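[1] below are the sequence and a predicted model; questions follow.
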2 protein chains.
Amino acid sequence: MLVKEIGEQGLLSIVQGFCPSEIVGDDAAIMSVPGDQSLVITTDMLVDEVHFSDRTTSPIDVGWRSAAVNLSDLAAMGAFPCGITVALGITGDKPVEWVEQLYQGLTSCLNQYNTPIIGGDICRSSVTCISITAFGTVNPKLAIRRSVARPGDVIVVTGYHGDSRAGLELLLHPELRTGLTSDQRLFLIQAHQRPQPRLDILPKLQTLLASHPATAIAGMDSSDGLADAIVQICRASQVGSQVQRHQIPLSEALQTFVPPQQALEWALYGGEDFQLVLCLPRTLGETLVQQLGTEASIIGEIRSNPKILLIDDAEPSTEEELSLSRGFQHF
Amino acid sequence: MLVKEIGEQGLLSIVQGFCPSEIVGDDAAIMSVPGDQSLVITTDMLVDEVHFSDRTTSPIDVGWRSAAVNLSDLAAMGAFPCGITVALGITGDKPVEWVEQLYQGLTSCLNQYNTPIIGGDICRSSVTCISITAFGTVNPKLAIRRSVARPGDVIVVTGYHGDSRAGLELLLHPELRTGLTSDQRLFLIQAHQRPQPRLDILPKLQTLLASHPATAIAGMDSSDGLADAIVQICRASQVGSQVQRHQIPLSEALQTFVPPQQALEWALYGGEDFQLVLCLPRTLGETLVQQLGTEASIIGEIRSNPKILLIDDAEPSTEEELSLSRGFQHF
């Protein structure tokens, strides 16, 4: 059964099955926001053959990723999600099942955080595209911003970088001969298809800040790559940084898959890892890393000198500047 | 200069010029919502060659309409706008000027209501599409919903219906010989290109409700046609209605342009007039119409009998049921 065969009303009734019944059926959704919280809003568009492709991404994965991308932006602001809207432009010749699976993927990711789809739009388009707007709430005193990094802050990253890019490579070239175990292969592919927004880090940050109320945490997510995140934070905060090459955590799977230089390149510029890059005073950073164990690492330090350097204490000759231009460019 | 020539960063810097500077540059926007207000959220996607076309709509008009469509949904909930996000998927071969004019159109419409663009996304796409999410606030006691129409309520419509469809006809067939004056022609074309969300009605409704606190107003906007709006309200409220054919207000320009039967057809099923269709107790409806003068009319009444009829007291033989199926279908 194709989208054009069941028509708009048929499609709407399927899609509305994924939304809480009390919000369906008006021109807009109504939501209350607790008085001490600010609303946080982010929006992202994903387009067929640009951000996903039938070759590498099932509709369930497209849904999961679309939700995860937006929730990751909320996490990057320190905000907990409370709902998303989904606007879907779709070609008439897509199977209806594709739409159902898309929404299954969306809700699988969202249900982890009790986050409902609170509204949407569906329309015909000559290319399939999904636009999501996500809403969250944050106590404005605890918001994470790019512009508040200070010299002396350590740079903490969550999780691993480069795995998503490696997973994409495996999906694009399934014939590649690798030394990976099947678990490692799956791990890298999942990193690409099912990224996890790091909302799990927020309660720990809140606990830290509760005992250090005057402290601001700077940060963003690494959706466009680790290098991009560091450069964006430094620019917004008018500071520089030194990142220790050998302290960037790389997964065993990534290191098994490709040589060290390639692994580092993907970690810095591959993008789509959706980890958090945070800058905070050293003592707090160390406490955080202690609490999170292998889930976080200190990789460098904010400096007042505006240069953004990748350094290696053991090999000073390899010092280089991090750049934005090697990351993903949309045009 | 084409979009692909200035790249993502170039395009972003142009687009950010249309946003308040304090909100640009983080992963998401932060906004406060007053404690006694609920947040109202609506989203719409517009796709090139489906919702607009270079033949009939300049980029300024695309922008205006995209904003107006969403603000109209807020008005239909009784909510005042406080911001929108804009996700734009765009082909690389569009002139940069097209994007600038799109944002000019958006902000021209938004500035009437002091409503900022508070966030967005921009990406490459093989078809140009715009997805807008609009936020507003409403005192939840004053929200307008589809499901609260009651037998005995009168049906009030704002403005005229059918003019937008007439304007589209003039744009699609500029060679048409009509009896229209140039003012009338412009009036119909403007109705299509520059619809006005009926936010101007809300303060009057609030004043009415302040003196009748236990009253609920049912309603929605007529974006998919007057007939669709009446049918949707009746279904959501589990009631029927009788609409008086001769009380549906038609503009002089529309009546000059086409014969009465065609004018009625466009008024009922043409769509995109973005007027409000409201159901409220007769005394309040009459007061509202008195206050609004030619800007509002009572066109019928809600009945407990579930039939949704178009009637004519002078010609009982012409009674017919209003239908959804003749309205705009997306697939």
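    Sure, I can see it.

[2] what about the residue nearest to the spatial centre of chain A, which SS state?
    Residue closest to the mean C-alpha point of chain A, counted by C-alpha atoms, centre = their mean, is residue A:274 at 2.8 Å. Residue A:274 falls in the coil class when you classify it by DSSP: H, G, I helix; E, B strand; the rest coil.

[3] centre of the chain to stretch A:210-217, how far?
    What separates the centre of stretch A:210-217 from the centre of its chain is 24 Å, taken as C-alpha atoms, centre = their mean, to the nearest Å.

[4] same question for stretch A:307-319.
    Centroid separation between stretch A:307-319 and its chain, computed with C-alpha atoms, centre = their mean, is 28 Å.

[5] list the buried ones in it?
    For stretch A:307-319, burial by neighbour count (16 or more other C-beta atoms under 10 Å in any protein chain shown) applies to A:308-311. To be clear about C-beta, it is placed using only N, CA and C from the backbone, and glycine gets the same treatment.

[6] the residues you listed in strands, which ones?
    Among the buried residues of stretch A:307-319, the ones falling in strands (DSSP state E) are A:308-311.

[7] wondering if the helix or strand hosting residue A:104 reaches chain B at all.
    Here residue A:104, judged by DSSP states H and E, is contained in helix A:96-111. No - residues of helix A:96-111 contacting chain B under C-beta under 8 Å from any C-beta of the partner chain: none, with a closest distance of 10.7 Å.

[8] which residues of the stretch 51-200 of chain A lie near chain B?
    Within the stretch 51-200 of chain A, the residues that sit near chain B (C-beta under 8 Å from any C-beta) are A:51, A:73-74, A:76-77, A:79, A:83, A:85-89, A:92, A:118-127, A:129, A:131, A:133-136, A:138, A:140, A:143, A:145-147.

[9] residue A:323: which of the ones in strands among the buried residues of stretch A:307-319 is nearest?
    Checking these against residue A:323 by C-beta to C-beta gives residue A:308 as the nearest, at 8.5 Å.

[10] and the closest one, what are its bridge partners?
    Residue A:308 has these beta-bridge partners by DSSP bridges: residue A:241.

[11] repeat for residue A:39
    residue A:137, residue B:31.

[12] ok, back up a step: among the residues of the stretch 51-200 of chain A next to chain B, name the ones in strands.
    Among these, the members found in strands (DSSP E) are A:83, A:85-89, A:118-124, A:129, A:131, A:133-136, A:138.

[13] pretty sure residue A:147 sits against residue A:239.
    No - counting by C-beta atoms under 8 Å, residue A:239 is not a contact partner of residue A:147; they are 9.9 Å apart.

[14] the two: who's more crowded?
    The residue with more neighbours, out of residue A:147 and residue A:239, is residue A:239; 22 against 15, by other C-beta atoms under 10 Å in any protein chain shown.

[15] residue contacts, that one?
    A:149-151, A:302-304, A:306 (C-beta atoms under 8 Å, 6 or more residues apart in numbering or on different chains).

[16] repeat that with 7 Å
    For residue A:239, the contact set (C-beta atoms under 7 Å, 6 or more residues apart in numbering or on different chains) comprises A:149, A:151, A:302-304, A:306.

[17] look up phi and psi at the closest residue to it other than its chain neighbours.
    Computed as C-beta to C-beta, 6 or more residues apart in numbering or on different chains, the closest residue to residue A:239 that is not its neighbour in sequence is residue A:302, at 5.1 Å. The phi and psi values for residue A:302, taken as degrees, to the nearest 10, are phi -80, psi 140.

[18] how about the strands in chain A?
    Using DSSP E, strands in chain A cover A:29-31, A:38-47, A:80-90, A:117-124, A:129-138, A:154-158, A:218-221, A:240-244, A:276-280, A:296-303, A:308-311, A:320-321.

[19] in a markdown table, list those along with mean pLDDT.
    Converted to a markdown table, the strands of chain A look like this (pLDDT from 0 to 100):
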| stretch | mean pLDDT |
| --- | --- |
| strand A:29-31 | 85 |
| strand A:38-47 | 94 |
| strand A:80-90 | 95 |
| strand A:117-124 | 92 |
| strand A:129-138 | 95 |
| strand A:154-158 | 98 |
| strand A:218-221 | 96 |
| strand A:240-244 | 97 |
| strand A:276-280 | 98 |
| strand A:296-303 | 97 |
| strand A:308-311 | 95 |
| strand A:320-321 | 90 |
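
[20] quick one, which of the ones you listed gets closest to residue B:166.
    Among the strands of chain A, the nearest to residue B:166 by C-beta to C-beta is strand A:117-124 (23.3 Å).

[21] show me how chain A divides into domains.
    Split into domains by automatic domain parsing, chain A comes to A:3-140, A:144-321.

[22] re earlier: selecting buried members of the residues of the stretch 51-200 of chain A next to chain B in PyMOL, what would you type?
    To isolate the buried members of these in PyMOL, using 16+ other C-beta under 10 Å:
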select buried, chain A and resi 51+73+74+76+77+79+83+85+86+87+88+89+118+119+120+121+122+123+124+125+126+127+129+131+133+134+135+136+138+143+145+146
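
[23] for the spatially closest residue to residue A:145 that is not a sequence neighbour, what are its contacts?
    Closest residue to residue A:145 apart from its sequence neighbours, by C-beta to C-beta, 6+ apart: residue B:26 at 5.7 Å. Neighbour list for residue B:26: A:77, A:145-146 [criterion: C-beta under 7 Å, 6+ apart].
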